[in-house]
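Trainee: Provided below for reference: sequence and predicted model.
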Amino acid sequence: MSTVNLGEVYYIVLRECGPKKASEIEEIIKELPIEIIDVTWELAKEAARFKAAHKLSYADCFTAALARLHKGEVITGDKEFKSIVNEVKVDWIE
């Protein structure tokens, strides 16, 4: 998960539930077997390529870019990712 996507989770929880819950979620995520990847210029350029070619949110472009650069997969239920299934592996959750 990129720091951009972690920031997105944080701001949504902060907005919906307040600072205490946002801090709790941050701690829970840190305990999960998820590596948090800082944004490098290489990652930002790859996200920009996705943004230029697809109708994805900028944060979602970082998800796609990270998956491509690390030969990983996107795990999502977000239908916006249908536009990139030919470029990165997408594992759909319901």
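Mentor: Thanks, I have it.

Trainee: which helix runs longest in this structure?
Mentor: Using DSSP state H to assign secondary structure, the helix with the most residues in the chain is helix 3-17.

Trainee: ok, residues contacting that helix?
Mentor: The contact list for helix 3-17, computed with C-beta atoms under 8 Å, 6 or more residues apart in numbering, reads 21-22, 25-26, 29, 36-39, 47, 58-59, 62-63. Placement of C-beta: from N, CA and C, glycine included.

Trainee: for this protein, what spans make up the strands?
Mentor: For the chain, strands defined by DSSP state E occupy the ranges 73-76, 89-92.

Trainee: settle this for me: residue 90 is touching residue 79, isn't it.
Mentor: No: using C-beta atoms under 8 Å as the test, residue 90 is too far from residue 79 to be in contact (10.5 Å).

Trainee: of those two, who's got more company?
Mentor: With neighbours defined as other C-beta atoms under 10 Å, residue 90 and residue 79 compare such that residue 90 has more, 18 against 8.

Trainee: for residue 8, see how far away the residue lying farthest from the centre of the chain is.
Mentor: No residue in the chain sits farther from the centre than residue 20, which is 22.5 Å out by C-alpha atoms, centre = their mean. Applying C-beta to C-beta, to the nearest Å, the value for residue 20 to residue 8 is 19 Å.

Trainee: next: residue 54.
Mentor: From residue 54 to residue 8 the distance is 17 Å (C-beta to C-beta).

Trainee: could you do residue 31 as well?
Mentor: Plainly put, residue 31 is 19 Å away from residue 8 if you go by C-beta to C-beta.

Trainee: and those two? Which one has more around it.
Mentor: Set residue 31 next to residue 8 and count neighbours by other C-beta under 10 Å: residue 8 wins out with 18 against 7.

Trainee: can you give the domain ranges for this protein?
Mentor: Domain assignment for the chain, taken from automatic domain parsing, gives 1-38, 39-94.

Trainee: report how many residues lie close to residue 47.
Mentor: Using other C-beta under 10 Å, the number of residues around residue 47 comes to 25.
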